[in-house]
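Participant: sharing a model that was predicted from the sequence below.
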Amino acid sequence: MRLFVAIPIPASISRALIELKSNERGFRWVPEGNHHITLKFLGETDPSSIPEIHRALSEIHLQRFSLRLDGLGSFSSKGRPSVLWAGVGRIPPHLPVLHRKVLDALWRVGFEPERRSFHPHVTLARIEGVSSQAFSAYRKKQPAFVSDDFPVGNFTLYQSRSGSGGVRYGAIGSYGLYE
Ligand code: 2AM
């Protein structure tokens, strides 16, 4: 099964993100309710590992914090835009600490940490076959985006399933942060 650990985005913020959706060709928009900030992608994992993953994530202790999404950006692959995302404006110190704790916990049960640096973001759309010029023209037309502050009270272990209706994420475990 394909697993990842992420901070879920509250429904009200996900609704606001969906309003950024456009009919532009080449954009595959993440549906409402699927928005998240990935902390660690575990990839294809044997279901027999779930109890130890669950135990490792349950041992993480960290205080709650709040986040605000502020600004849009993009990743490129092979010189072409590949992902449109909403970024975390001012990164609160607890966010990289949570990321590090998740990596350390999973490292102890055999998952290699990411090599690339942590760039917290919410993927809004995956992009294919759009030139850099067309994408910059699109970005110039886009309004600015700033979300309300929202509390991060937990993080989640998700299973990603691909089906005829697209990708669906199911929560397998949720891990609370303390008040
Ligand atoms: P992204 O939002 O930055 O694209 C579920 O598939 C989540 O895991 C996605 O949100 C994606 O993060 C991340 N993900 C998917 N494939 C990945 C990969 N090969 N390496 C790292 N992260 C990946």
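Facilitator: Happy to help now that I have it.
Participant: what's the lengthiest helix in the chain in contact with?
Facilitator: If you go by DSSP state H, the chain has its longest helix at helix 94-108. Here helix 94-108 makes contact (CB atoms under 8 Å, 6 or more residues apart in numbering) with 5, 7, 39-40, 42, 53, 56-57, 59-60, 62-63, 65, 67, 88, 113-114, 118, 120, 152, 155, 177. For every residue, glycine as well, the C-beta is placed using N, CA and C.
Participant: stretch 60-71 now?
Facilitator: Contacts of stretch 60-71 (CB under 8 Å, 6+ apart): 7, 13, 17, 37, 86-90, 92, 94-95, 97-98, 101-102, 105, 122, 144-153, 175, 177-179.
Participant: wait, does that stretch contact the ligand?
Facilitator: No. Stretch 60-71 lies out of reach of the ligand by CB under 6 Å from any ligand atom, never closer than 13.3 Å.
Participant: for that stretch, buried residues please.
Facilitator: Under the neighbour-count criterion of 16 or more other CB atoms under 10 Å, stretch 60-71 has 60, 62, 67, 69 buried.
Participant: between those residues, which is closest to the ligand?
Facilitator: Leu69 (13.3 Å; CB to the nearest ligand atom).
Participant: so which residue is dead centre in this protein?
Facilitator: Ile37 (2.4 Å; CA atoms, centre = their mean).
Participant: my read is Gly73 is in a helix, agree?
Facilitator: No. Gly73 is assigned strand when assessed by DSSP: H, G, I helix; E, B strand; the rest coil, not a helix.
Participant: isn't it right next to Val88, touching?
Facilitator: No. Using CB atoms under 8 Å, Gly73 is not in contact with Val88, being 10.6 Å away.
Participant: if we can go back for a sec, which is the next helix or strand following the longest helix of the chain?
Facilitator: Using DSSP states H and E, the helix or strand that directly follows helix 94-108 along the chain is strand 121-127.
Participant: measure the residue lying farthest from the centre of the chain to Lys140 for me?
Facilitator: Relative to the centre of the chain, the most outlying C-alpha is that of Gln133, 26.4 Å out, by CA atoms, centre = their mean. Counting by CB to CB, to the nearest Å, the gap from Gln133 to Lys140 is 11 Å.
Participant: can I get the buried residues of stretch 60-71 in a markdown table with secondary structure and pLDDT?
Facilitator: A markdown table is the format used below for these (DSSP: H, G, I helix; E, B strand; the rest coil; pLDDT from 0 to 100):
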| residue | secondary structure | pLDDT |
| --- | --- | --- |
| Ile60 | coil | 98 |
| Leu62 | coil | 98 |
| Leu67 | strand | 97 |
| Leu69 | strand | 98 |
